[in-house]
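**Q** Would you be able to build a 3D model of this:
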Amino acid sequence: MAGINKNMLKEFASEGFFDQPRKIEEVVAKIDNRGYTLKGKQVSLLSQLLTFLCREGILEREKNEQGEWRYKKRQK
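**A** Residues are numbered from 1 along each chain as shown. The predicted model follows:
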């Protein structure tokens, strides 16, 4: 998962990407647009990075009716 880190996700948040709730698949697509391909266990690692950003107070998450986590920029 070289090149993909919390800083990249923080950049997405500052650009407004997380102003709307995003499913993990949408985050994967955004990363893919940056030229990185995530497969298999790397998606789980991305989920962990998103969770770390929730703990840092940058993002918040919620489950939708289908049980999928959606990540959104925390309102201050």
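**Q** Run through the strands of this structure in chain order.
**A** 22-23, 59-63, 69-73 (DSSP state E).
**Q** And the contacts of the second one?
**A** Spelled out, that is strand 59-63. Taking Cβ atoms under 8 Å, 6 or more residues apart in numbering as the criterion, the residues outside strand 59-63 that touch it are 9, 13, 18, 21, 50-51, 53-54, 69-74. Where C-beta positions appear, they are placed from N, C-alpha and C, glycine not excepted.
**Q** Which pLDDT does the model give the most far-flung residue of the chain relative to its centre?
**A** With distances taken as Cα atoms, centre = their mean, the residue sitting farthest from the centre of the chain turns out to be E65, at 19.1 Å. Per-residue confidence at E65 stands at 91 (pLDDT).
**Q** so what's the backbone phi/psi at it?
**A** Geometry field for E65 lists phi and psi as phi -60, psi -30, criterion degrees, to the nearest 10.
**Q** Distance-wise, check it relative to E11.
**A** Using Cβ to Cβ, to the nearest Å, one obtains 30 Å as the distance from E65 to E11.
**Q** Many thanks, we can stop here.
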